[in-house]
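Trainee: return a 3D structure for these sequence lines:
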Amino acid sequence: MRNKCRLPDAAAVYGGLVFLFLLGMAAFSFRIDFSVQEKRYLASLPENPSLVQWTLNEDMEAYLSDHVPLRTQLIHADATVQVLTGRRTQLGAWPVGESIVEQPVQAEPETLQRRIDALQGIAGEIPTLFLTPPTAGMLEMDRMPPYLRAVYAQEAELYDGLVSRKGFVPLKKAFLDSAKPVYFRTDHHWNGEGAYLAYRSLCDAMGLKAYEREDFCVSEFFPFSGTTCSRSGLPFVRPDTLVCYEPGLPLSMTADGEHFDRVIFPEEAGSWDGYQVFLKGNHGFLTIENPQGTGTLLIFKDSFANSVIPMLSAHFSRICAVDARYFSGSFRQALEETGNIDQILFLYSLDSLANDTSILKKLRDR
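Mentor: Below is the predicted model of the structure:
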(Lines give C-alpha, C1' and ligand atoms only; values in the text may rest on other atoms or scores of the structure.)
Protein backbone atom coordinates (compact mmCIF):
# COMPACT_ATOMS: atom_id res chain seq x y z
CA MET A 1 0.00 0.00 0.00
CA ARG A 2 1.48 3.37 -1.00
CA ASN A 3 2.00 5.79 1.90
CA LYS A 4 0.56 9.20 1.39
CA CYS A 5 1.86 12.37 2.96
CA ARG A 6 -0.72 13.55 5.39
CA LEU A 7 -1.77 17.21 5.21
CA PRO A 8 -0.34 18.16 8.65
CA ASP A 9 3.05 16.68 7.73
CA ALA A 10 3.10 18.49 4.40
CA ALA A 11 2.13 21.72 6.10
CA ALA A 12 4.99 21.32 8.58
CA VAL A 13 7.50 20.70 5.79
CA TYR A 14 6.35 23.58 3.64
CA GLY A 15 6.02 25.82 6.68
CA GLY A 16 9.61 25.05 7.68
CA LEU A 17 10.86 25.81 4.19
CA VAL A 18 8.97 29.10 4.11
CA PHE A 19 10.37 29.99 7.54
CA LEU A 20 13.94 29.30 6.39
CA PHE A 21 13.34 31.31 3.22
CA LEU A 22 12.07 34.26 5.24
CA LEU A 23 15.09 34.04 7.56
CA GLY A 24 17.39 34.11 4.55
CA MET A 25 15.59 37.10 3.07
CA ALA A 26 15.72 38.93 6.38
CA ALA A 27 19.47 38.29 6.65
CA PHE A 28 19.97 40.01 3.30
CA SER A 29 17.36 42.76 3.68
CA PHE A 30 17.82 43.99 7.28
CA ARG A 31 21.56 43.95 7.83
CA ILE A 32 23.72 46.32 9.87
CA ASP A 33 27.42 47.04 9.55
CA PHE A 34 28.36 47.52 13.21
CA SER A 35 27.07 45.79 16.35
CA VAL A 36 26.98 48.18 19.31
CA GLN A 37 26.22 45.26 21.62
CA GLU A 38 29.29 43.25 20.51
CA LYS A 39 31.42 46.34 19.78
CA ARG A 40 32.65 45.02 16.44
CA TYR A 41 32.04 45.26 12.71
CA LEU A 42 29.92 42.43 11.36
CA ALA A 43 30.82 40.33 8.34
CA SER A 44 30.24 42.00 4.97
CA LEU A 45 28.04 40.54 2.25
CA PRO A 46 30.21 38.44 -0.12
CA GLU A 47 30.17 39.18 -3.83
CA ASN A 48 27.67 37.16 -5.89
CA PRO A 49 25.88 35.60 -2.90
CA SER A 50 23.66 32.55 -3.42
CA LEU A 51 21.30 30.65 -1.14
CA VAL A 52 20.51 27.85 -3.63
CA GLN A 53 23.83 26.01 -3.36
CA TRP A 54 24.14 23.12 -0.94
CA THR A 55 27.59 24.26 0.16
CA LEU A 56 28.56 27.75 1.33
CA ASN A 57 31.99 29.30 1.46
CA GLU A 58 33.42 30.63 4.71
CA ASP A 59 32.59 34.26 3.88
CA MET A 60 28.93 33.42 3.32
CA GLU A 61 28.76 31.33 6.51
CA ALA A 62 30.28 34.20 8.49
CA TYR A 63 27.81 36.65 6.95
CA LEU A 64 24.74 34.51 7.69
CA SER A 65 25.97 33.90 11.25
CA ASP A 66 26.39 37.64 11.85
CA HIS A 67 23.05 38.68 10.31
CA VAL A 68 20.60 36.01 11.41
CA PRO A 69 17.39 37.72 12.64
CA LEU A 70 17.11 38.17 16.42
CA ARG A 71 20.81 37.30 16.73
CA THR A 72 21.38 39.48 19.80
CA GLN A 73 18.41 37.94 21.62
CA LEU A 74 19.62 34.44 20.76
CA ILE A 75 23.11 35.24 22.10
CA HIS A 76 21.59 36.58 25.33
CA ALA A 77 19.45 33.47 25.74
CA ASP A 78 22.34 31.07 25.09
CA ALA A 79 24.67 32.88 27.52
CA THR A 80 21.99 32.92 30.22
CA VAL A 81 21.33 29.18 29.83
CA GLN A 82 25.06 28.41 30.11
CA VAL A 83 25.31 30.36 33.36
CA LEU A 84 22.17 28.77 34.85
CA THR A 85 23.36 25.25 33.94
CA GLY A 86 26.85 25.72 35.41
CA ARG A 87 28.63 25.95 32.04
CA ARG A 88 29.63 29.60 32.32
CA THR A 89 33.33 28.85 31.67
CA GLN A 90 32.39 28.16 28.06
CA LEU A 91 31.63 31.86 27.61
CA GLY A 92 34.20 34.49 26.66
CA ALA A 93 33.67 36.09 30.10
CA TRP A 94 31.37 35.17 32.97
CA PRO A 95 29.51 36.74 35.91
CA VAL A 96 30.75 36.80 39.48
CA GLY A 97 28.26 38.64 41.65
CA GLU A 98 27.30 41.83 39.81
CA SER A 99 30.50 41.91 37.74
CA ILE A 100 31.64 40.21 34.55
CA VAL A 101 35.21 38.89 34.70
CA GLU A 102 37.65 37.77 32.03
CA GLN A 103 38.97 34.26 31.64
CA PRO A 104 42.17 33.65 33.64
CA VAL A 105 45.48 34.50 31.99
CA GLN A 106 47.59 31.52 30.95
CA ALA A 107 51.34 31.77 30.41
CA GLU A 108 54.58 29.87 30.95
CA PRO A 109 56.41 31.46 33.93
CA GLU A 110 59.82 30.94 32.34
CA THR A 111 58.75 32.60 29.09
CA LEU A 112 57.28 35.53 30.98
CA GLN A 113 60.45 35.98 33.01
CA ARG A 114 62.56 36.06 29.85
CA ARG A 115 60.32 38.74 28.37
CA ILE A 116 60.67 40.89 31.50
CA ASP A 117 64.45 40.46 31.41
CA ALA A 118 64.42 41.63 27.77
CA LEU A 119 62.36 44.70 28.66
CA GLN A 120 64.73 45.58 31.48
CA GLY A 121 67.62 45.14 29.07
CA ILE A 122 66.09 47.72 26.73
CA ALA A 123 65.97 50.25 29.58
CA GLY A 124 69.67 49.85 30.32
CA GLU A 125 70.81 52.11 33.16
CA ILE A 126 67.68 54.28 33.16
CA PRO A 127 65.65 53.85 36.40
CA THR A 128 62.81 51.46 35.57
CA LEU A 129 59.55 50.38 37.17
CA PHE A 130 56.93 47.79 36.24
CA LEU A 131 53.26 48.03 37.16
CA THR A 132 50.95 45.12 36.40
CA PRO A 133 47.59 45.02 38.19
CA PRO A 134 46.00 41.86 39.58
CA THR A 135 43.05 40.86 37.43
CA ALA A 136 39.44 41.38 38.46
CA GLY A 137 38.92 37.62 38.51
CA MET A 138 41.90 37.15 40.80
CA LEU A 139 40.50 39.67 43.26
CA GLU A 140 37.08 37.95 43.23
CA MET A 141 38.41 34.42 43.88
CA ASP A 142 37.05 34.16 47.42
CA ARG A 143 33.53 34.95 46.19
CA MET A 144 33.57 32.26 43.52
CA PRO A 145 32.25 28.71 43.77
CA PRO A 146 35.05 26.11 44.06
CA TYR A 147 34.98 25.06 40.40
CA LEU A 148 35.53 28.68 39.30
CA ARG A 149 38.08 29.44 42.00
CA ALA A 150 40.23 26.56 40.81
CA VAL A 151 40.64 28.00 37.30
CA TYR A 152 42.17 31.20 38.75
CA ALA A 153 44.62 29.47 41.11
CA GLN A 154 47.31 29.14 38.44
CA GLU A 155 46.86 32.77 37.37
CA ALA A 156 47.25 33.96 40.98
CA GLU A 157 50.41 31.88 41.38
CA LEU A 158 51.83 33.31 38.15
CA TYR A 159 51.06 36.86 39.27
CA ASP A 160 52.49 36.49 42.77
CA GLY A 161 55.74 35.17 41.32
CA LEU A 162 55.87 38.08 38.90
CA VAL A 163 55.39 40.94 41.32
CA SER A 164 57.92 39.53 43.78
CA ARG A 165 60.64 40.65 41.36
CA LYS A 166 62.63 43.81 42.01
CA GLY A 167 61.20 46.85 40.27
CA PHE A 168 57.55 45.76 40.33
CA VAL A 169 55.20 48.18 42.05
CA PRO A 170 52.99 46.33 44.59
CA LEU A 171 49.29 46.85 43.94
CA LYS A 172 47.43 43.72 45.02
CA LYS A 173 47.12 44.63 48.71
CA ALA A 174 45.90 48.16 47.92
CA PHE A 175 43.22 46.70 45.65
CA LEU A 176 42.13 44.04 48.14
CA ASP A 177 41.99 46.59 50.97
CA SER A 178 39.89 49.05 48.98
CA ALA A 179 36.41 49.65 50.38
CA LYS A 180 35.22 50.44 46.85
CA PRO A 181 35.29 48.33 43.68
CA VAL A 182 38.48 48.89 41.66
CA TYR A 183 37.28 47.36 38.38
CA PHE A 184 34.35 48.11 36.13
CA ARG A 185 31.46 45.65 36.25
CA THR A 186 31.33 45.56 32.45
CA ASP A 187 34.94 46.01 31.37
CA HIS A 188 38.38 44.49 32.00
CA HIS A 189 39.98 47.85 32.85
CA TRP A 190 40.28 49.28 36.33
CA ASN A 191 37.71 51.97 37.12
CA GLY A 192 38.39 55.46 38.49
CA GLU A 193 39.10 54.11 41.98
CA GLY A 194 41.52 51.48 40.67
CA ALA A 195 43.30 54.01 38.45
CA TYR A 196 43.71 56.42 41.37
CA LEU A 197 45.14 53.68 43.63
CA ALA A 198 47.57 52.72 40.85
CA TYR A 199 48.60 56.38 40.54
CA ARG A 200 49.26 56.66 44.29
CA SER A 201 51.29 53.45 44.27
CA LEU A 202 53.38 54.76 41.38
CA CYS A 203 53.98 58.07 43.16
CA ASP A 204 55.21 56.20 46.23
CA ALA A 205 57.59 54.13 44.10
CA MET A 206 58.86 57.20 42.19
CA GLY A 207 59.33 59.36 45.28
CA LEU A 208 56.59 61.80 44.23
CA LYS A 209 53.96 63.41 46.44
CA ALA A 210 50.61 62.17 45.16
CA TYR A 211 47.73 64.59 44.77
CA GLU A 212 44.50 63.88 46.60
CA ARG A 213 41.36 63.08 44.64
CA GLU A 214 39.91 66.52 45.30
CA ASP A 215 43.02 68.17 43.85
CA PHE A 216 42.10 66.88 40.38
CA CYS A 217 39.35 67.97 38.04
CA VAL A 218 36.87 65.10 38.12
CA SER A 219 34.50 64.21 35.28
CA GLU A 220 31.86 61.47 35.31
CA PHE A 221 30.18 59.86 32.32
CA PHE A 222 27.18 57.53 32.52
CA PRO A 223 26.31 55.02 31.18
CA PHE A 224 29.39 53.06 30.21
CA SER A 225 29.38 49.41 29.11
CA GLY A 226 32.68 47.79 28.20
CA THR A 227 34.02 44.98 26.06
CA THR A 228 33.96 42.33 28.80
CA CYS A 229 30.18 42.53 28.98
CA SER A 230 30.03 42.33 25.18
CA ARG A 231 32.13 39.16 25.12
CA SER A 232 29.97 37.50 27.76
CA GLY A 233 26.79 37.85 25.73
CA LEU A 234 24.82 38.35 28.94
CA PRO A 235 21.85 40.75 29.06
CA PHE A 236 20.74 43.08 31.83
CA VAL A 237 24.20 43.90 33.24
CA ARG A 238 24.06 47.19 35.13
CA PRO A 239 26.19 49.82 33.30
CA ASP A 240 29.15 51.58 34.88
CA THR A 241 30.14 55.20 35.36
CA LEU A 242 33.40 56.45 33.84
CA VAL A 243 35.30 58.61 36.32
CA CYS A 244 38.19 60.71 34.97
CA TYR A 245 40.87 62.48 37.01
CA GLU A 246 42.93 65.20 35.31
CA PRO A 247 45.07 68.04 36.67
CA GLY A 248 43.85 71.59 36.20
CA LEU A 249 47.03 72.54 34.35
CA PRO A 250 47.80 73.83 30.83
CA LEU A 251 48.64 70.51 29.20
CA SER A 252 49.33 69.88 25.52
CA MET A 253 49.14 66.47 23.88
CA THR A 254 50.53 65.23 20.57
CA ALA A 255 49.26 61.83 19.46
CA ASP A 256 50.48 60.30 16.20
CA GLY A 257 51.00 63.75 14.70
CA GLU A 258 47.75 65.35 15.96
CA HIS A 259 47.88 68.17 18.50
CA PHE A 260 45.42 68.75 21.36
CA ASP A 261 45.21 71.07 24.36
CA ARG A 262 43.58 68.47 26.61
CA VAL A 263 43.88 64.84 27.70
CA ILE A 264 40.21 64.04 28.42
CA PHE A 265 37.69 63.95 25.54
CA PRO A 266 34.07 64.02 26.79
CA GLU A 267 32.65 63.68 23.27
CA GLU A 268 33.97 60.11 23.12
CA ALA A 269 31.85 59.03 26.11
CA GLY A 270 28.83 58.42 23.88
CA SER A 271 30.76 56.44 21.27
CA TRP A 272 30.77 52.64 21.01
CA ASP A 273 34.10 52.67 22.93
CA GLY A 274 33.50 55.11 25.77
CA TYR A 275 36.95 54.34 27.22
CA GLN A 276 38.36 56.64 24.54
CA VAL A 277 37.54 59.60 26.77
CA PHE A 278 41.06 58.95 28.09
CA LEU A 279 43.64 60.37 25.64
CA LYS A 280 41.23 59.90 22.71
CA GLY A 281 42.05 56.19 22.63
CA ASN A 282 45.26 54.28 21.92
CA HIS A 283 48.14 55.73 19.92
CA GLY A 284 51.47 54.40 18.74
CA PHE A 285 53.44 57.34 20.14
CA LEU A 286 52.00 60.01 22.40
CA THR A 287 53.57 63.02 24.11
CA ILE A 288 52.08 65.15 26.90
CA GLU A 289 53.84 68.35 27.96
CA ASN A 290 53.32 70.24 31.21
CA PRO A 291 55.30 73.47 31.63
CA GLN A 292 54.94 73.20 35.41
CA GLY A 293 56.33 69.65 35.66
CA THR A 294 59.85 68.26 35.99
CA GLY A 295 61.68 65.58 34.03
CA THR A 296 60.71 63.09 31.32
CA LEU A 297 58.87 59.80 31.85
CA LEU A 298 58.73 57.19 29.07
CA ILE A 299 55.88 54.69 29.38
CA PHE A 300 55.61 51.43 27.44
CA LYS A 301 51.94 50.60 27.79
CA ASP A 302 48.65 49.05 26.88
CA SER A 303 45.25 50.68 27.41
CA PHE A 304 45.39 50.24 31.21
CA ALA A 305 47.75 53.22 31.34
CA ASN A 306 45.31 55.57 29.58
CA SER A 307 43.39 56.48 32.74
CA VAL A 308 46.57 56.89 34.84
CA ILE A 309 48.62 59.03 32.44
CA PRO A 310 46.47 62.19 32.95
CA MET A 311 47.20 62.04 36.68
CA LEU A 312 50.92 61.39 36.19
CA SER A 313 51.09 64.34 33.79
CA ALA A 314 50.73 66.65 36.80
CA HIS A 315 54.29 65.75 37.86
CA PHE A 316 56.39 65.53 34.69
CA SER A 317 57.29 68.19 32.18
CA ARG A 318 57.05 65.53 29.49
CA ILE A 319 55.47 62.10 29.27
CA CYS A 320 56.03 59.95 26.18
CA ALA A 321 53.90 56.83 25.85
CA VAL A 322 54.45 53.95 23.42
CA ASP A 323 51.84 51.33 22.53
CA ALA A 324 53.54 48.47 20.68
CA ARG A 325 50.32 47.51 18.92
CA TYR A 326 50.27 50.79 16.99
CA PHE A 327 53.89 51.99 17.02
CA SER A 328 55.67 51.39 13.72
CA GLY A 329 59.19 51.39 15.14
CA SER A 330 61.03 49.25 17.68
CA PHE A 331 61.36 49.88 21.39
CA ARG A 332 64.95 51.06 20.82
CA GLN A 333 63.69 53.57 18.27
CA ALA A 334 61.16 54.82 20.85
CA LEU A 335 64.03 55.45 23.26
CA GLU A 336 65.91 57.42 20.60
CA GLU A 337 62.81 59.41 19.63
CA THR A 338 62.11 60.35 23.25
CA GLY A 339 65.61 61.69 23.88
CA ASN A 340 66.66 62.48 27.43
CA ILE A 341 64.74 60.15 29.76
CA ASP A 342 64.67 60.36 33.54
CA GLN A 343 62.54 57.27 34.19
CA ILE A 344 60.90 54.38 32.35
CA LEU A 345 57.63 52.70 33.30
CA PHE A 346 56.31 49.47 31.82
CA LEU A 347 52.56 49.49 32.52
CA TYR A 348 50.86 46.40 31.11
CA SER A 349 48.01 44.13 32.10
CA LEU A 350 49.06 40.59 32.96
CA ASP A 351 47.61 39.28 29.70
CA SER A 352 49.47 41.87 27.60
CA LEU A 353 52.74 41.33 29.41
CA ALA A 354 52.49 37.57 28.98
CA ASN A 355 50.85 37.13 25.59
CA ASP A 356 50.96 40.29 23.45
CA THR A 357 53.03 39.29 20.42
CA SER A 358 53.54 42.92 19.39
CA ILE A 359 55.72 43.46 22.50
CA LEU A 360 57.95 40.56 21.49
CA LYS A 361 58.20 41.89 17.92
CA LYS A 362 59.19 45.39 19.06
CA LEU A 363 61.85 43.87 21.32
CA ARG A 364 63.34 41.93 18.40
CA ASP A 365 63.20 44.78 15.89
CA ARG A 366 66.30 46.94 15.57
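
Trainee: and the helices in the stretch 1-150 of the chain, which stretches?
Mentor: 7-29, 58-67, 71-84, 109-123, 136-139, 146-163 (DSSP state H, counting those that start in this stretch).

Trainee: what about the fifth one, average pLDDT?
Mentor: Helix 136-139 shows a mean pLDDT of 96 in the predicted model.

Trainee: next: the second one.
Mentor: Here helix 58-67 scores 71 as its mean pLDDT.

Trainee: same question, the fourth one
Mentor: The average pLDDT within helix 109-123 is 93.

Trainee: give the contact list for Asp356.
Mentor: Listed by CB atoms under 8 Å, 6 or more residues apart in numbering, the contact partners of Asp356 are Asp302, Ala324, Arg325, Tyr348. Just so you know, the C-beta spots here come from the backbone N, C-alpha and C atoms, and that holds for glycine as well.

Trainee: between these, which has the most around it?
Mentor: Using other CB atoms under 10 Å as the neighbour criterion, Ala324 leads the contacts of Asp356 with 24 neighbours.

Trainee: does that one really touch Thr357, like I thought?
Mentor: No - assessed by CB atoms under 8 Å, Ala324 is found out of contact with Thr357, at 9.2 Å.

Trainee: quick one, what contacts His189?
Mentor: Tyr183, Gly226, Tyr275, Ser303, Phe304, Ser307.

Trainee: report how many residues lie close to Thr296.
Mentor: Neighbours of Thr296 using other CB under 10 Å come to 19.

Trainee: partner residues bridging it?
Mentor: Arg318 (DSSP bridges).

Trainee: quick one: contacts for it?
Mentor: Contacts of Thr296 by CB under 8 Å, 6+ apart are Phe316, Ser317, Arg318, Ile319, Cys320, Thr338, Gly339, Asn340, Ile341, Asp342, Gln343.

Trainee: any stretches of the protein with poor pLDDT?
Mentor: Residue ranges of the chain with pLDDT under 70: 1-40, 42, 48-57, 60, 64, 66-67, 69-70, 366.

Trainee: now the strands for it?
Mentor: 34-35, 40-41, 93-96, 99-102, 128-131, 217-224, 240-246, 252-255, 258-260, 285-289, 296-301, 318-323, 343-347 (DSSP state E).

Trainee: OK, contacts around Arg115?
Mentor: Leu353, Ala354, Ile359, Leu360, Leu363 are the contacts of Arg115 under CB under 8 Å, 6+ apart.

Trainee: repeat the analysis, applying 10 Å as the threshold.
Mentor: The contact partners of Arg115, by CB atoms under 10 Å, 6 or more residues apart in numbering, come to Ala107, Leu353, Ala354, Asn355, Asp356, Ile359, Leu360, Leu363.

Trainee: what's the domain layout of the chain?
Mentor: Domains of the chain are assigned by automatic domain parsing as 7-69, 100-364.

Trainee: so which of the ones you listed gets nearest His76?
Mentor: domain 100-364 (4.1 Å; CB to CB).

Trainee: now do the same end-to-end measure for the closest one.
Mentor: This stretch, domain 100-364, spans 36 Å end to end (CA to CA, to the nearest Å).

Trainee: just how off-centre is that domain within its chain?
Mentor: 10 Å (CA atoms, centre = their mean, to the nearest Å).

Trainee: give me the number of residues near Ser225?
Mentor: Ser225, neighbours per other CB under 10 Å, totals 21.

Trainee: right, and it touches Gly274 too?
Mentor: Yes - contact criterion CB atoms under 10 Å: Ser225 and Gly274 qualify, at 7.7 Å.

Trainee: common neighbours of these two, please.
Mentor: Asp187, Pro239, Asp240.

Trainee: from the residues you listed, which single one is nearest Thr254?
Mentor: Asp187 (27.1 Å).

Trainee: so how far is Ala79 from that closest one?
Mentor: Distance, Asp187 to Ala79, by CB to CB, to the nearest Å: 17 Å.

Trainee: related to what we said a few turns ago, now a PyMOL select for only the buried ones of the contacts of Thr296.
Mentor: The PyMOL selection below is limited to those of those classed as buried (16 or more other CB atoms under 10 Å):
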select buried, resi 316+317+318+319+320+338+341+343
